[in-house]
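My questions are about this predicted structure, shown below with the sequence.
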There are 2 protein chains.
Amino acid sequence: MNDTNQTVGSTTYQKIKRDIIFGALRPGSKLKLDMLKERYDASLSTLRETLNRLTSEGFVEAPAQRGFFVKPVSVEDLEEIANLRTLLECHALGLSIQNGDAEWEGQLVAAHHKLHLMEQRMLAGDESQVELWKRYDWEFHLAMIQACKSKNLLSLHATLFDKYLRYQMLVLTNRGEVAIREHKAMFDATLARDTATAQRLLDEHIRSGWQHTLASVSWGTSG
Amino acid sequence: MNDTNQTVGSTTYQKIKRDIIFGALRPGSKLKLDMLKERYDASLSTLRETLNRLTSEGFVEAPAQRGFFVKPVSVEDLEEIANLRTLLECHALGLSIQNGDAEWEGQLVAAHHKLHLMEQRMLAGDESQVELWKRYDWEFHLAMIQACKSKNLLSLHATLFDKYLRYQMLVLTNRGEVAIREHKAMFDATLARDTATAQRLLDEHIRSGWQHTLASVSWGTSG
DNA sequence: AAGATTAAAATATCATATATTATTGTCAGG
DNA sequence: CCTGACAATAATATATGATATTTTAATCTT
């Protein structure tokens, strides 16, 4: 039997999504099928299936009969994404604090520890593992809300987080020590089951990250 | 040139989605490609693209290498959907009341009027146009939040509304006069720009609809 | 009746073919 | 030099058939 239970479809999906989030496929650029076929080594059918999935998730646009394009970025979209992520993540955090058991606490402590180690390395100037760092960031935020007991909520949040991440990667700004302090504070408030404080900190965390991202870019307001 | 700008892909997408929401395709049932091919008169490629879209929206499940299934229903899922719809719709309603202009008010009045007419007919016992009635219900709720100025939010809400609608159709219970009063009350509060009241009424509206739906079913708790 | 083996069905993927639609380039007329 | 009509080209949407792999069903054995 095979090592991976991955199908060609699912791996291409992951690759393309990753390339969109991390900017290898630039916002607004045309996704020509021939090009993709060569680049991802998959058949036309498989690629179209993949692109359809990404389209309905909002990472790709597909104007009728004109093929596929990487979803463009805009200030308005960033604002919407940030606000929605705040709404969903704060809500989920409240539920998670309410429902979380010892197992949840354990995973959270572990996730924060991993993230914290990586943050130290980033601070020290080691920029070589940005992608891994972002994954730990992802995992930390996920660990906080993991106990919310709503698969639907976690799924929506995951997509929003990825969309937000794309904007972060676009400007690749590291808020360094500030973000580290924010992560620690959220972590503490969450473990202390102080829902109101944890939610306020999370809101501020996302908001200030967004403002920081916004300040680092210079797009026009139109597409 | 053609009347419709619809492609085969988009029409099959709509048809299948509609059949899932309105129960023509039963929850949990296998979606055999040959069967679909015949039923929707589309090619395998097109069908797979469609099913991939519906999978990422959560109307279809696609366990690796075992084909496609209509997403099963469960009490837990209904609860999650109802809560998420409440969260997003109340949030959007607040924004919409804040931003809405005269144009928005006009559309809202129209939508409520259309819905109200249909509600009278349903009350009178005319059950022949359930689907149209539900569309007007949809349009009314959409009209309320239309001015929220967030495409992402509207898009998430639309999907959640459809998922919630599937549960409603599953038991096809009409809360009759109660729902009419609730709609009218929400409408009034919204036009009066009374955000707090409008949100409270909306929350109660969704919650009581959900309880009503829940009370009408007798699924086990497991998938 | 449980487990193993084989046969049949269905899926995932690919390669091609065709019709339709978009895009580009050319050229005449102003 | 610009504009619009028209042809040429490229790309997409859709369909079909083929193959390898995997599931599922059926059969046999103990």
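Everything's here; your move.

Residue A:32 contacts residue A:67, correct?
Yes: counting by Cβ atoms under 8 Å, residue A:32 touches residue A:67, with 7.1 Å between them. To be clear about C-beta, it is placed using only N, CA and C from the backbone, and glycine gets the same treatment.

The spatially closest residue to residue A:109 that is not a sequence neighbour and residue A:184, how far apart?
Excluding its sequence neighbours, the residue lying closest to residue A:109 (Cβ to Cβ, 6 or more residues apart in numbering or on different chains) is residue A:191, at 7.6 Å. Look at residue A:191 and residue A:184: by Cβ to Cβ, to the nearest Å, they are 11 Å apart.

Would you mark the buried spots in the helix or strand hosting residue A:34?
Counting by DSSP states H and E, the element that carries residue A:34 is helix A:33-40. Residues of helix A:33-40 classed as buried by neighbour count (16 or more other Cβ atoms under 10 Å in any protein chain shown): A:36, A:39, A:40.

so what's the last one up against?
Residues in contact with residue A:40 (Cβ atoms under 8 Å, 6 or more residues apart in numbering or on different chains) are A:12, A:15, A:16, A:47.

What distance do you get for the residue nearest to the second one when sequence neighbours are not counted to chain B?
It refers to residue A:15. Counting by Cβ to Cβ, 6+ apart, residue A:15 lies nearest to residue A:40, which is 5.8 Å off, once chain neighbours are set aside. Residue A:40 sits 16 Å away from chain B, taking Cβ to the nearest Cβ, to the nearest Å as the criterion.

quick one: residue A:40 and residue B:177, what's the gap?
Between residue A:40 and residue B:177 the distance is 57 Å, computed by Cβ to Cβ.

Same question for residue A:105.
In this structure, residue A:105 and residue B:177 are separated by 49 Å, where distance is defined by Cβ to Cβ.

between these two, who's got more neighbours?
Taking residue A:105 and residue B:177 together and counting by other Cβ atoms under 10 Å in any protein chain shown, residue A:105 has the greater number of neighbours (15 against 10).

Tell me if I am right that the more buried one is in a strand.
No: counting by DSSP: H, G, I helix; E, B strand; the rest coil, one finds residue A:105 to be helix, located in no strand.

wait, what's in contact with it?
Residue A:105 is in contact with residue A:191, counting by Cβ under 8 Å, 6+ apart.

any low-confidence regions in chain A?
Residues of chain A meeting the criterion pLDDT under 70: A:1-5, A:173-174, A:218-223.

what residues are up against the spatially most central residue of it?
Nearest to the mean C-alpha position of chain A, by Cα atoms, centre = their mean, lies residue A:162 at 2.6 Å. Under the criterion of Cβ under 8 Å, 6+ apart, the contact list for residue A:162 reads A:17, A:21, A:59.

Out of those residues, who's the most crowded?
Counting by other Cβ under 10 Å, top hit in the contacts of residue A:162: residue A:21 with 22 neighbours.

In which helix or strand does the residue nearest to the centre of chain A reside?
Secondary-structure element containing residue A:162, defined by DSSP H and E: helix A:151-171.

Using PDB, write down the CA coordinates of the helix or strand following that helix.
Where DSSP H and E defines the elements, the next helix or strand beyond helix A:151-171 is helix A:176-191. What follows is the C-alpha trace of helix A:176-191 in PDB, where atoms were taken according to Å, rounded to 0.1, in the frame of the first residue of the first chain:
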ATOM      1  CA  GLY A 176       8.400  41.100  16.300                       C
ATOM      2  CA  GLU A 177       8.300  41.600  20.000                       C
ATOM      3  CA  VAL A 178       4.900  43.200  19.900                       C
ATOM      4  CA  ALA A 179       3.300  40.200  18.500                       C
ATOM      5  CA  ILE A 180       5.200  37.900  20.900                       C
ATOM      6  CA  ARG A 181       3.800  39.900  23.800                       C
ATOM      7  CA  GLU A 182       0.300  39.800  22.400                       C
ATOM      8  CA  HIS A 183       0.500  36.000  21.900                       C
ATOM      9  CA  LYS A 184       1.700  35.500  25.500                       C
ATOM     10  CA  ALA A 185      -1.000  37.700  26.900                       C
ATOM     11  CA  MET A 186      -3.800  35.900  24.900                       C
ATOM     12  CA  PHE A 187      -2.400  32.600  26.000                       C
ATOM     13  CA  ASP A 188      -2.400  33.600  29.700                       C
ATOM     14  CA  ALA A 189      -5.900  35.000  29.600                       C
ATOM     15  CA  THR A 190      -7.200  32.000  27.800                       C
ATOM     16  CA  LEU A 191      -5.700  29.500  30.200                       C
END
